[in-house]
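A.B. asks: only geometry, no sequence info:
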């Protein structure tokens, strides 16, 4: 049981917080017992962002995702945790080296550099600046 002393508008209060079950806390204020119902925080559900296809963007980058991939030929750089895309450092057709920064992701109020997992050529970029992504989302495809 945790005990606190408060002074509110010149009045002294001795508060003891006992057990908390679900959203009900057993509280004692100056010797009087209360059952305090706490507000339940809403559950946050992160939904994947679906973007309409831009008419100016070529349709070719979507095609490699639909084809079955040969083992080891193409791989997606995945998001290690949910967050928001702050910057895309590469373009389709760019050649990258293993460890090169390809995406900057904001997660938990921190900027995280997402690096290429192998040498290769960027064949598709699946996200844009400002997109929300979930953990495990393919951000870019490297061939």
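C.D. replies: Arrived safely, thanks for sending. These figures come from a predicted structure and were not determined experimentally. Residues are numbered from 1 along each chain as shown.
A.B. asks: I'd like the distance from residue 122 to residue 113, if you could.
C.D. replies: To residue 113, residue 122 is 16 Å away according to CB to CB, to the nearest Å. To be clear about C-beta, it is placed using only N, CA and C from the backbone, and glycine gets the same treatment.
A.B. asks: And those two? Which one has more around it.
C.D. replies: Comparing residue 122 with residue 113 by other CB atoms under 10 Å, the one with more neighbours is residue 122, at 21 against 13.
A.B. asks: these two touch, right, the more buried one and residue 91?
C.D. replies: Yes: Residue 122 lies in contact with residue 91 (CB atoms under 8 Å); the separation is 6.8 Å.
A.B. asks: Helices along this structure, start to end?
C.D. replies: For the chain, the helices defined by DSSP state H occupy 63-66.
A.B. asks: got any ranges where it has weak pLDDT?
C.D. replies: 40-47, 49-73 (pLDDT under 70).
A.B. asks: let's see 80
C.D. replies: Regions of the chain meeting the criterion pLDDT under 80 cover residues 1-2, 20, 22-23, 38-74.
A.B. asks: Nearest the geometric middle of it, what residue?
C.D. replies: Centrality entry for the chain: nearest residue to the mean C-alpha point is residue 82, 2.1 Å, by CA atoms, centre = their mean.
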